[in-house]
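Engineer: just coords:
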């Protein structure tokens, strides 16, 4: 995940159907803070719950390049969904 923060070429990252979980989502969140090129991040079916979604939400506040985020078929409940919603609302 640390390579993602320094990568200047990657525009789309598909990690769907990988057991990333909350810890992996937190690592991705740190990487997204420093990334300025990634436009699409696909994280469907990655066993991400509220903690992981909240971590990703915090990175969305700083990341201005990400335009599409797919989080379908995860374990995200009301808390995580609310965090994501708050992060993307103007």
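Structural biologist: Good, I have the coordinates. Note that this is a predicted model, so its numbers are computed, not measured.
Engineer: other residues contacting whatever helix or strand residue 5 lives in?
Structural biologist: For residue 5, the host element (DSSP states H and E) is helix 2-6. For helix 2-6, contacts defined as Cβ atoms under 8 Å, 6 or more residues apart in numbering pick out 10, 13, 28, 30, 31, 32, 33, 34, 35, 38. Where C-beta positions appear, they are placed from N, C-alpha and C, glycine not excepted.
Engineer: contact partners for the most centrally placed residue in the chain?
Structural biologist: The chain has residue 56 as the residue nearest its centroid, 4.3 Å off, counting by Cα atoms, centre = their mean. Counting by Cβ under 8 Å, 6+ apart, residue 56 touches 25, 28, 29, 32, 43, 48, 69, 71, 84.
Engineer: repeat that with 7 Å
Structural biologist: Contacts here follow Cβ atoms under 7 Å, 6 or more residues apart in numbering; on that basis residue 56 touches 25, 28, 29, 84.
Engineer: re the thing from before, average pLDDT for the helix holding residue 5, rounded please.
Structural biologist: Computed over helix 2-6, the mean pLDDT rounds to 78.
Engineer: distance between the following helix or strand past that helix and the chain's centre?
Structural biologist: Using DSSP H and E, the helix or strand that follows helix 2-6 in sequence is strand 12-14. Offset of strand 12-14 from its chain centre (Cα atoms, centre = their mean, to the nearest Å): 11 Å.
Engineer: buried sites along the helix holding residue 5?
Structural biologist: Of the residues in helix 2-6, residue 4 count as buried by neighbour count, 16 or more other Cβ atoms under 10 Å.
Engineer: for stretch 75-90, same thing?
Structural biologist: 76, 80, 83, 84, 87.
Engineer: over to stretch 57-76?
Structural biologist: Within stretch 57-76, the residues that qualify as buried are 57, 58, 59, 60, 63, 66, 69, 70, 71, 74, 76, counting by 16+ other Cβ under 10 Å.
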